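Asks: model the following, please.
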Amino acid sequence: MYGISLGLVLGLATGPTFFILISATVSGGKSRGIYSAAGIVDSDLIMAILSMVGVGFVNTLYEYKPIVSLVAGVVLILAGVLSYALKSGFSEGKAQGLKTDLGLYIQIFWVNIINPFNWLFWIAVCGWIKMNGGGMLWWWVLVPAFLIEFILNVLKMFLVARLGRTYLLDRIKWLKLLVSLSMITLGAYLVVNGFNI
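Replies: Just a heads-up that it's a prediction; the model follows:
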C-alpha cells in the first residue's frame, strides 16, 4: 500500500521535470517523452539507493524512531504545501534546444537529481522504511513505487500527445492539488505515527 501511494505521489508530481516531459513530448513526439520519463525514474532510483545506503549507516535510527517519523512527516507536509503554493513554469524551449534523445535524458536526469527537495523527500522515505524494519519492506515500497511512477509518466506523455499541451496545462492546478493533498496526508500519517510510538 505504501509503495502504491508513493508511486502515485511521484508519478503525478508537477515539478520542473513534469514541464520538461510535456515540452519534450510536444516538440519531439512520444519517443522523446519516453526518454524524459526514463530520466525522471532513473534519477529518483539513484536518489533512493543513495538515501537507502545513507540511512543504512545510521544504526541509532531505531532509538529516535518518533523523531524520525515526525521529521519525515513534517518534510512531506511542507513538500505538499510548497508543491501547490510555488508556481511552476512551462517553457517550450526547455526541451526543444536538445538535439538528441540522450541529451534530453541527461538534462531531465540532472534537473531532477540536483533538486534538494527531492533528496529530502527520499531521505525521509528511506528513513521511515529503515526504522520500520527494512528487509522486505524496501522491496514492497520501492519496487511498486518506481513501477507506478514510470507508468504514470508514460501516461502523462500519451495524454499530452493525444489531448495537447494546452488541455493538460489548463488542468494542472487540480493535479497539483491532488499531489499536494497526497503528500500532506502521507506526512500527517507519519506525524501521528511519531506521536503514537
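Asks: residues contacting stretch 139-146, please?
Replies: Identification of contacts with stretch 139-146 by Cβ atoms under 8 Å, 6 or more residues apart in numbering yields Y2, G3, I4, L6, G7, L10, V41, D44, L45, A48, V125, I129. C-beta here means a position set from N, CA and C on the backbone, and glycine is covered the same way.
Asks: now with 6 Å, please.
Replies: By Cβ atoms under 6 Å, 6 or more residues apart in numbering, the residues outside stretch 139-146 that reach it are Y2, G3, I4, L6, G7, V41, I129.
Asks: neighbours around the closest residue to the second one other than its chain neighbours, how many?
Replies: Counting by Cβ to Cβ, 6 or more residues apart in numbering, G3 lies nearest to P144, which is 3.4 Å off, once chain neighbours are set aside. Counted by other Cβ atoms under 10 Å, the residues lying close to P144 total 17.
Asks: pull out the buried positions in the helix or strand hosting P144.
Replies: Assigned by DSSP states H and E, P144 belongs to helix 136-163. Applying a neighbour-count criterion of 16 or more other Cβ atoms under 10 Å, one finds 138, 141-142, 144-146, 148-150, 152-154, 156-157, 159-160 buried in helix 136-163.
Asks: now the buried members of the contacts of stretch 139-146.
Replies: By 16+ other Cβ under 10 Å, the contacts of stretch 139-146 give Y2, G3, L6, G7, V41, I129 as buried.
Asks: which of the residues you listed lies closest to T25?
Replies: V41 (15.7 Å; Cβ to Cβ).
Asks: which helix or strand contains that closest one?
Replies: helix 30-56.
Asks: list the buried residues in that helix.
Replies: With burial defined by 16+ other Cβ under 10 Å, the residues of helix 30-56 counted as buried are 32-45, 47-48, 51-52, 55.
Asks: any idea of the mean pLDDT in the next helix or strand along the chain from it?
Replies: On the C-terminal side of helix 30-56, the nearest following helix or strand under DSSP H and E is helix 65-85. Averaging pLDDT along helix 65-85 yields 77.
Asks: same for helix 65-85, what does it pack against?
Replies: helix 116-131, helix 172-196 (3 or more Cβ pairs under 6 Å, 6 or more residues apart in numbering; DSSP states H and E).
Asks: about what we covered before: closest to V74 out of the buried residues of helix 136-163?
Replies: Closest to V74, out of all of those and judged by Cβ to Cβ, is V141, at 19.7 Å.
Asks: how much space separates the closest one from S31?
Replies: 31 Å (Cβ to Cβ, to the nearest Å).
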